[in-house]
Structure formats: structure tokens, C-alpha cells
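Novice: What follows is a predicted structure for the sequence shown.
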Amino acid sequence: MISKLPEVGTTIFTVMSRRARELGALNLGQGFPDYDIDPQITELVTAAMASGHNQYAPMEGLAALRERIALKLRASYAIDIDPDTEITVTLGATEAIYSAIQAVIAPGDEAIAFDPAYDSYEPAVRLAGGRCVRVPLSQPGFGYDWDRVRAALTERTRLVLFNSPHNPACTVASGADLDGLAQLIAARDILVLSDEVYEHVVFDGARHHSVLTHPLLAARSFAVFSFGKTLHATGLRVGYCVAPPALTRELRKVHQFNTFSISHPLQHAIAAYLAAEPDCGAALAGFFQAKRDRLRDALAGCGFVLPAAQGTYFQLLDYGELLRDGDLAFAERLITEARVASIPLSPFYAQPPRLSFVRLCIAKRDSTLEQAAARLKEFAQRLGRAGA
Ligand SMILES: Cc1ncc(COP(=O)(O)O)c(C=O)c1O
């Protein structure tokens, strides 16, 4: 049989979660919380179902939810977004990414993605018949090299896939980064897909710069968000895409034949939750910063180095001072010998360089993080003794 994605296997996230279950390891691999969601959400979903909201929702999303999203965007970024023509409710950010890419990439078109990149971008571009051109973020620190991006642009470039806060680099793009991107595309017919699912998880008093606040970029961008991240409930599978009316019209043409519409009771429940807790996003930065610091403090001086994490609910761990293994081999040793599941960085690259990082998820109970830190420290000591 001919495969449209011959090299794509099961994602590293699914593989590591499966291995963690088999081995009884602590799962700091796949990005999902291991603590309970706000019980109000459970009650609101139950109430929405009991009230009979169990048939198809409107294709573009429930009006009440889109209006709440517009209010949320105004509160976060002081912008006015039209809920009718500029917001579409999607099946998580994943569907928003997929549908936006199908809407604008035609066979032979090129999309720029940065290396490392979230794993759903490139397959979506390829399924649309396009080609993903990967531009590495520079080291150290995973910065943008706009000259390098400019050199990668061609007549066929149609889209730039941008992500801030960045998974897996844990960096947050600056206003200057947005200007760099805007300058690059200003005189060209290029659109942006801006993945902002960690918009609220920005640390140390910094703030998230949304493309929606940048006039040139806002006019050219699909901005993608996820209630899975904002409500600590990745299984809800509700997200949304914000884009100017012309782009939203194209997005909805794909969305209506992809998922058609999103869970009706969940949309009612989320709209009611946002009405009751309009500031729910604002609490996330402090909540995850405390978890980041707990893990960092517990691992300080152990031999593993934890590079600065500016945002997202991840923390990179650099094992390079203790071991020369590749990251896939190291992640395998970590799960079998220390019983901690992590995510190696290689699968986020088209051409993985030799890096000694794995990604740890900090969206875990404090007790999980402490147990994981104890195991990691003990493993670092063992490696240190073996190397000495
Ligand atoms: C950068 C990034 N984009 C998109 C997604 C997908 O979001 P959702 O679970 O809402 O589909 C994730 C999930 O981990 C992510 O990390």
C-alpha cells in the first residue's frame, strides 16, 4: 500500500506514555497534568448534558463561547476581535493547526517551520501536498536567526509556523522577534500560523507577545489556542483559532468537513466556566512557575543542568556533563534505570543535531515532581560515580 506519510510512526509522546505505564515509571514525558481539574468544570459539563445540549453545535462554535473568547482576548491583549467572523472553535489546537494548514497550503507550496518544532506541523503540511522547510533555532538558547529564515524563503513560501511560548525549547518570543517575522513577510505573500497554546504560561514577570497585538502580523495570521492547556484538561479537546475574516472563511471551509463541529455540552460548559472564572488564565503563570522552581531547586547541583525555562509547562534537562549518549538512548536509560519517562528532543527535528537534552513536563502534582527529582538525582549520582 502507498503511504502518504511513510516515515511517520506512532508519536514519541504516545510511545513514552505507553512505556511509562508498562514499566510503572513516573510520566514526565507527555504534556498533561496528573492532578484533578476544577470540579466546577465537571459540574458544568454534567449540567450542560442534563439541559439537553447534546446535538450538533453550530459549525463555527457556540456563539456564547465565541463571545466569551472575545472577552478573554480583550482582557489579555486589549484587542477587539469579532466573535462571528474571526473566531472558530476547533477540536483542540491540533485541529486548528491542521485545518488552517489545509486551508492555505496547496500542492508544491512551502511552509517554514523552526527546528525543533511541535510534531504535528510537518505532517499537516505534507498531507496538504506541501513541503516543510525546517530552519534551525540557533544554539545556545534556541534563538531566531532571521537572516537564516530569509535565506530559506522562496517563491513558493506560503506560511511560517511560529510557536511562542515554545515547545520544546521553553523560550518566549520577544516583541523584537515578532518585528523580525513581520519584516520578513511584509513585502511577500506569506501567512503565519501562530501556535500560542501556552499563552498564559510565561514566567518571571515576562509577558506573552501575541501576533494578535502586532498589526501587520494580526492581518496575516491564524492564532491558535487551547482550553486543554488553559483549563488543565487536555482531554477536553476544545481549542480555537483567531484569524481575520477572509482567513477565517477559508479555515471554516476545511473545519466543516474535518470535524464539522465541536462537542456541544463541552462548549456550553466552557462558556459558563469563563463567565464564572474570567481570570482563570492569569493564575497559570504563578502556578507553573512554582512547579518549575520546585523541580529546579530539587535538582540544583546534581550534575544534570536545567537550562533557563521562560515559559510552557516543560523544563529541559541537559545531561551532557555526565554522559555522551544520544538523547534517545538517554531517555531509554532514564525510563528503565531511573523509572522517569521524559521526551527526547530528536523527534522535534527534521535533522537532529547532537544535543544532550530531554524534556520534562512540570504539569504534575508536587509529590510527583519531588519523587521524580529524587530519582533523577540518584541516577545522576550513579552516572557521576560510573564516570569518575
Ligand atoms: C506547542 C503545542 N501546540 C499544539 C498542541 C496541541 O494542543 P491540543 O491538545 O489543544 O490539541 C500542543 C500540545 O501539547 C503543543 O504543545
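Specialist: Cool, got the structure.

Novice: beta partners of the closest residue to the ligand within the stretch 151-300 of the chain?
Specialist: Nearest residue of the stretch 151-300 of the chain to the ligand, counting by Cβ to the nearest ligand atom: residue 226, 3.2 Å away. Using the backbone N, CA and C atoms, a C-beta is placed for each residue, glycine as well. Residue 226 forms beta bridges with residue 239, as assigned by DSSP bridges.

Novice: who are the neighbours in contact with residue 104?
Specialist: Residues near residue 104 by Cβ atoms under 8 Å, 6 or more residues apart in numbering: 158-159, 191, 247, 250.

Novice: Now the phi/psi pair for the residue nearest to residue 279 when sequence neighbours are not counted, please.
Specialist: If the residues on either side of it in the chain are set aside, residue 279 comes closest to residue 75, at 7.8 Å by Cβ to Cβ, 6 or more residues apart in numbering. Taking degrees, to the nearest 10, you get phi -60, psi -40 for the backbone angles of residue 75.

Novice: how many other residues sit next to residue 75?
Specialist: 13 (other Cβ atoms under 10 Å).

Novice: So it sits against residue 274, correct?
Specialist: No: using Cβ atoms under 8 Å, residue 75 makes no contact with residue 274, being 10.2 Å away.

Novice: any idea how far the closest residue to residue 87 other than its chain neighbours lies from residue 240?
Specialist: Computed as Cβ to Cβ, 6+ apart, the closest residue to residue 87 that is not its neighbour in sequence is residue 66, at 4.5 Å. From residue 66 over to residue 240 the distance is 8 Å, taken as Cβ to Cβ, to the nearest Å.

Novice: What of residue 272?
Specialist: 16 Å.

Novice: got a list of what residue 248 touches?
Specialist: Residue 248 neighbours (Cβ under 8 Å, 6+ apart): 85-88, 241.

Novice: Return the residues of the stretch 51-200 of the chain in contact with the ligand.
Specialist: 92-94, 118, 163, 167, 195, 197 (Cβ under 6 Å from any ligand atom).

Novice: now do 8 Å
Specialist: 91-97, 118, 120, 163, 166-167, 195, 197-198 (Cβ under 8 Å from any ligand atom).

Novice: So which of these are in strands?
Specialist: 163, 195 (DSSP state E).

Novice: Tell me which two of the residues of the stretch 51-200 of the chain next to the ligand sit farthest apart.
Specialist: Spanning the widest gap among these are 91 and 166, at 22.8 Å by Cβ to Cβ.

Novice: Which of those two has more residues huddled nearby?
Specialist: The neighbour comparison of residue 91 against residue 166 (other Cβ under 10 Å) goes to residue 166, with 23 against 20.

Novice: pLDDT score for the more buried one?
Specialist: Residue 166 is assigned 98 on the pLDDT scale.

Novice: how about stretch 25-39: buried residues?
Specialist: Neighbour counts over stretch 25-39 (16 or more other Cβ atoms under 10 Å) mark 25-33 as buried.

Novice: average pLDDT for it?
Specialist: pLDDT averaged over stretch 25-39 gives 95.

Novice: What is the end-to-end distance of that stretch?
Specialist: Start-to-end span of stretch 25-39 (Cα to Cα, to the nearest Å) is 27 Å.

Novice: Could you list the residues in contact with that stretch?
Specialist: With contact meaning Cβ under 8 Å, 6+ apart, stretch 25-39 is reached by 12-14, 16-17, 19-21, 167, 231-235, 273, 277, 313-314, 335, 339-343, 359-365, 368, 371-372, 375.

Novice: do the same with stretch 88-97
Specialist: 57, 60-62, 65-66, 69, 99, 120-121, 124, 193, 195, 197, 222, 224-226, 228-229, 236-241, 243, 248, 251-252, 255, 258-259, 261-262, 267.
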